[in-house]
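Chemist: just to be clear, the model below is a prediction. Sequence and coordinates:
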Amino acid sequence: MHLVAPSVLSADFSNLQKDIELINNSEADWFHVDVMDGVFVPNISFGFPVIKAIKKFTNTLNYLSSNTLPVFWVMPFLLSL
C-alpha cells in the first residue's frame, strides 16, 4: 500500500488555508511537515507557529524532524499540536 503525503513546503505560503483545503479535498492521505533546525540540515523550513496554524485546517499531519538536539524540540512540538 502506498500513501500520498504532499509537503507543506510546496504550498503557497501567502495562502496556506487555500492549499490545505485543496489537499483536504483530494485523495492525499497526509500533509508532510518538515521541521528543520538549521544545524542538522542547512536551511530552516518553518517554525511551530506555522504548524499550529496548519492544525486549524487539518488533522492529517506527518512530521519529519531534522535536527541535532531532538530533546530540545519535544515541548515546542507538543505545544504546536
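Modeler: Right, received. Where do you want to start?
Chemist: partner strands of the helix or strand of the chain with the lowest mean pLDDT, parallel or antiparallel?
Modeler: Least confident helix or strand, the chain: strand 61-66 with a mean of 73, by mean pLDDT, DSSP states H and E. Using DSSP bridges, the strands paired with strand 61-66 are strand 31-36 (parallel).
Chemist: show me what secondary structure element comes after the strand it pairs with.
Modeler: helix 48-55 (DSSP states H and E).
Chemist: only alpha carbons, please: show that following helix as PDB.
Modeler: Extracted in PDB, the C-alpha atoms of helix 48-55 (Å, rounded to 0.1, in the frame of the first residue of the first chain):
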ATOM      1  CA  PHE A  48       6.000  25.700  15.300                       C
ATOM      2  CA  PRO A  49       3.600  28.800  14.900                       C
ATOM      3  CA  VAL A  50       3.100  27.700  11.300                       C
ATOM      4  CA  ILE A  51       2.400  24.100  12.300                       C
ATOM      5  CA  LYS A  52      -0.100  25.400  14.900                       C
ATOM      6  CA  ALA A  53      -1.800  27.400  12.100                       C
ATOM      7  CA  ILE A  54      -1.900  24.500   9.800                       C
ATOM      8  CA  LYS A  55      -3.600  22.300  12.500                       C
END
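Chemist: by contact count, what packs against that helix?
Modeler: Counting contacts by 3 or more C-beta pairs under 8 Å, 6 or more residues apart in numbering; DSSP states H and E, helix 48-55 packs against helix 16-24, strand 31-36, strand 61-66, helix 70-80. Quick note: C-beta positions are derived from backbone N, CA and C, even for glycine.
Chemist: contacts for it next, please.
Modeler: Residues external to helix 48-55 that are found in contact with it (C-beta atoms under 8 Å, 6 or more residues apart in numbering): Val8, Leu16, Ile20, Phe31, Val33, Val35, Leu61, Pro76, Phe77, Leu79, Ser80, Leu81.
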